[in-house]
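S.K.: got a sequence here, can you build the structure:
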Amino acid sequence: MTKLTKFKVLFITCMAVLGIAALPAMAQAASPEWYVNGAKLTGSENVKTSGSNMKLEIEGVATIKCSTMTGTGLITAPRSDSGSISFTGCEVVGLSSVCSVHGVGNAVGTITPGALATELKLVAPSTVYDVFKPASGTTFVEIVIEGASCSVANTYPITGEVAGLGEPLGTEKVEQPLTFSKAISTAAGTALKAGKKNAYMISEAGNPPVNFLTGAHETQKFGAR
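M.R.: Okay, the predicted model is just below:
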């Protein structure tokens with residue numbers, strides 16, 4: 001065997017070994033999982049959401065600002081979540097004197113999407129998103145804007161899914177913030193639509209909603225790894 005041939009064999013062997021060694025790490029990075037106090041979650045755990053000053057924007061139509069966001073859910077090993085969220089104290093920005101807003105079947109000022117399912121998604125080496133989508137069908141929520149003199153009065157079915165940006169991979173906290181913005185939704189590859197219009201969920205700068213455990217692991221740190 002010539003020196004060149006020996007070199008080729010050695011090079012290919014080394015690359016194969018490196019590739020095999022990297023597979024577990026790649027698999028782990030591509031599939032983040034829930035951890036509680038440094039241990040992989042088994043089964044499920046109750047979780048609550050609390051936030052304020054959230055916005056729901058229908059591009060080119062209206063921006064809806066809600067004073068409070070609450071939610072309850074269940075995180076389930078390895079990386080899924082289910083539950084519901086509700087927005088209260090909602091009004092149409094700049095048009096609150098002539099327009100009122102609510103979700104279909106909700107009181108004025110309240111918007112409650114149907115049952116939601118979420119899943120952890122890793123897009124960059126340490127960037128974790130929590131993707132929210134309808135538990136069934138494609139409708140995320142139906143928003144009603146009304147008023148005799150309201151120029152944007154209509155019912156707006158919002159379809160699709162939206163992502164919130166979590167803490168970097170491996171970060172466990174008692175209160176896990178989840179930030180929403182147009183840029184985050186785009187980076188995560190998610191989209192909400194109101195017909196042909198883009199729609200977005202946006203959290204207040206520096207004041208994202210937080211998730212915290214309320215079951216057997218209440219007050220304990222958790223996160224994605």
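
S.K.: any idea how the protein splits into domains?
M.R.: The chain is divided into the following domains under automatic domain parsing: 1-30, 32-224.

S.K.: out of those domains, deepest packed?
M.R.: domain 32-224 (a mean of 17; mean count of other Cβ atoms under 10 Å). The C-beta positions use only the backbone N, C-alpha and C, and glycine is treated the same way.

S.K.: which helix or strand in this structure has the lowest average pLDDT?
M.R.: helix 3-30 (a mean of 41; mean pLDDT, DSSP states H and E).

S.K.: out of the domains of the chain, which gets the lowest mean score?
M.R.: For the domains of the chain, mean pLDDT drops lowest on domain 1-30, to a mean of 42.

S.K.: check which helix or strand covers the nearest residue to residue 145 once chain neighbours are set aside.
M.R.: Nearest non-adjacent residue to residue 145, counting by Cβ to Cβ, 6 or more residues apart in numbering: residue 101, 5.0 Å away. For residue 101, the element it lies in under DSSP states H and E is strand 100-103.

S.K.: same question for residue 144.
M.R.: Residue 144 belongs to strand 139-146, assigned by DSSP H and E.

S.K.: can you dump the C-alpha atoms of that strand in PDB for me?
M.R.: Provided in PDB are the C-alpha atoms of strand 139-146 (Å, rounded to 0.1, in the frame of the first residue of the first chain):
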ATOM      1  CA  THR A 139     -57.700  27.900  13.800                       C
ATOM      2  CA  PHE A 140     -55.700  29.400  16.600                       C
ATOM      3  CA  VAL A 141     -58.400  31.900  17.700                       C
ATOM      4  CA  GLU A 142     -61.300  33.900  16.300                       C
ATOM      5  CA  ILE A 143     -61.200  37.600  17.100                       C
ATOM      6  CA  VAL A 144     -64.300  39.800  16.800                       C
ATOM      7  CA  ILE A 145     -63.900  43.600  16.500                       C
ATOM      8  CA  GLU A 146     -67.100  45.500  16.500                       C
END
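
S.K.: immediately after that strand, which helix or strand?
M.R.: Immediately after strand 139-146, counting by DSSP H and E, sits strand 154-160.

S.K.: packing partners of that following strand?
M.R.: Applying 3 or more Cβ pairs under 8 Å, 6 or more residues apart in numbering; DSSP states H and E, one finds that strand 154-160 makes contact with strand 44-58, strand 139-146, strand 192-194, strand 197-202.
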